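[1] quick one, fold the following:
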Amino acid sequence: MCTSKPAALDLLCCLAIFGVTRCRASGAPDFVYQASDLQPWLYNVFSQLHQAPELSFEETATSSLVQSQLQQHNIAFIAPIAKTGVIASVGDGSPVVYLRADMDALPISEEMSHLLRSKHEGIMHACGHDAHTTMLLGAAILLKSVEMELPGTVKFLFQPAEEAAGSEGMLGAQKMLQMGLLDDASAFFGLHVDPSLPTGTFATAAGPIFASEVNFQATLYGTMRTLSTPVQKQLQLRLEQVLQSQSSSCSCSATLDWRLRTNPPYPVLVNDAQLSEMASQTASSTLGSARVTQLTPYMVAEDFAYYAQQAPVCFSTLGIYNESAGSVHALHSPRFKVDPEVLQTGAAMHAALAWDYLHTHAMWASRSGPLVAPPPNSSADGT
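    Sure, this is the predicted structure:
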C-alpha cells in the first residue's frame, strides 16, 4: 500500500504504480533523437560561450546571448535577475519544476590551444558552465516543442556566480532566492559535467553528495569541508577552542576570521531520495541502464545546495571523459576541456527529467486528488 510522505509527494510510490519506463513509453517524446538534431546549434552556442567567459556577476554578454536565443525560440523569460540571471518558462500552472545552469567562469588562463580557446585573457570556462548553459538552452527548446503536453510549468534558471560571491557577500543561488521569485518551486534539478566518468554517463545518489565549505583565516588560510552540517558546526567550534587554547598557553592573543563576507559558506548538498530515484529511472529509460551509475560523494562544494532550503532537489553529474576528444583533465584545470558530444545528452536529460517529474505528479494527482507543492526539506542535510 502506498502512502504520502510529508517531505514531498511520494514519487517512489507513483513510480511503483506506473513505472517511469512505462510513462516514457506511452507518448513521451524521444528527447535523445530530437537533441541529436539540435547538436550543430548546441555546438555553435557552446563555442560562443567558451570563447567569451565572464566572471561571477559579470556575465552580461552571456546573459544577453541566453536572452537572445530564448527570444528567437519564442520562450518567455524575465531578466535581469540577481544582476545577470535569467528565468525562462515553458508550460502553465502547477507543479513548477526548475532546471538550473550556472553561467560564470573562473580567473584561470587557458593552456589548451584549440579553435575554441578563450579570447578573454586570464578568464576561462574551466568548470563546464558554458556547457551547462548550452544544455539548458537546448532543453528549453525541446520542451517548448511539447509545451501543450506539459501538465505544469518548467522554469529554466540561468544562474550567475556559482564560483564566487559578489560585493554583497552572496553567491548566485543565495541572490536568486533572495529575490523571492523561486517561491513557487516544487523541485529543483541540476546537472554538472564530470570528467571522471565516460562521456554520456549519468550519475546521481540520494543524501549528501557534495560537501559544505567554510573558509577561515588564522595564521594560515584554510578551507573546511564536511558532508554534514552538524559536523561542520562542531569542527568550527573546536577550531576556535583549539586556537584560543594554544594562543593562551603562549601568552598571546589570536583571532579567527571565518571570512563570511568575502567567502560565504556553501551548505552540504543533500539530494532528495525520491527525486534521486526518479532521476535514475529517467536516465535509465532515456540513455539506457548501462549509462547510469551511482554518484560517489565529492568533497567539493556547490551553491545549488541553497535551493534545498526552498524545495526538494536532485543534483546529478554527466560524464565527459573522452581521450579522443582531449576531455581528460580535472575541473578547474587550465587544460580542462568539455567533450562537445555531451551537449545533446545534457539537453535531452534536462528535458526528460522535467517531463517525467510533471507527468509523474499528474498521474499521482489523478489518483490522489489535487496536487500540493511539497514543503521545503525539514533539515538542511538530512540529519
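
[2] just for the stretch 1-150 of the chain, where's the confidence low?
    Residue ranges of the stretch 1-150 of the chain with pLDDT under 70: 1-26.

[3] all helices for it, in order.
    Along the stretch 1-150 of the chain, counting by DSSP state H, counting those that start in this stretch, helices occupy 11-18, 20-25, 31-51, 60-72, 129-144.

[4] same deal with the stretch 251-383 of the chain?
    All helices of the stretch 251-383 of the chain, identified by DSSP H, counting those that start in this stretch, fall at 273-287, 342-368.

[5] quick one, which of these is nearest to Val90?
    Comparing the helices of the stretch 251-383 of the chain against Val90 with CB to CB, the closest turns out to be helix 342-368 (8.6 Å). From N, CA and C alone the C-beta is placed, and that goes for glycine too.

[6] hang on, Ile209 in a strand?
    Yes. Counting by DSSP: H, G, I helix; E, B strand; the rest coil, Ile209 is part of a strand.

[7] give me the neighbour count for it.
    25 (other CB atoms under 10 Å).

[8] list the contacts of it.
    By CB atoms under 8 Å, 6 or more residues apart in numbering, the residues touching Ile209 are Leu269, Val270, Asn271, Leu295, Pro297, Tyr298, Phe315.

[9] tell me the confidence at the first one?
    What that stands for is Leu269. Here the pLDDT value assigned to Leu269 is 96.

[10] what's the answer for Ala173, then?
    For Ala173, pLDDT reads 97.

[11] is Ser327 in a bridge, and if so with what?
    Counting by DSSP bridges, Ser327 is bridged to Asn322.

[12] that one against Ile320, yeah?
    Yes. Between Ser327 and Ile320 a contact is recorded at 4.9 Å, counting by CB atoms under 8 Å.

[13] between these two, who's got more neighbours?
    The neighbour comparison of Ser327 against Ile320 (other CB under 10 Å) goes to Ile320, with 30 against 22.

[14] got the phi and psi for Leu191?
    Here is the backbone geometry of Leu191 (degrees, to the nearest 10): phi -130, psi 140.

[15] any idea how far it lies from Gly169?
    Per CB to CB, to the nearest Å, Leu191 is found 27 Å from Gly169.

[16] mind checking which of the two has more residues around it?
    Neighbour comparison, Leu191 and Gly169: the larger count goes to Leu191, with 30 against 13 (by other CB under 10 Å).

[17] thanks a lot, see you next time.
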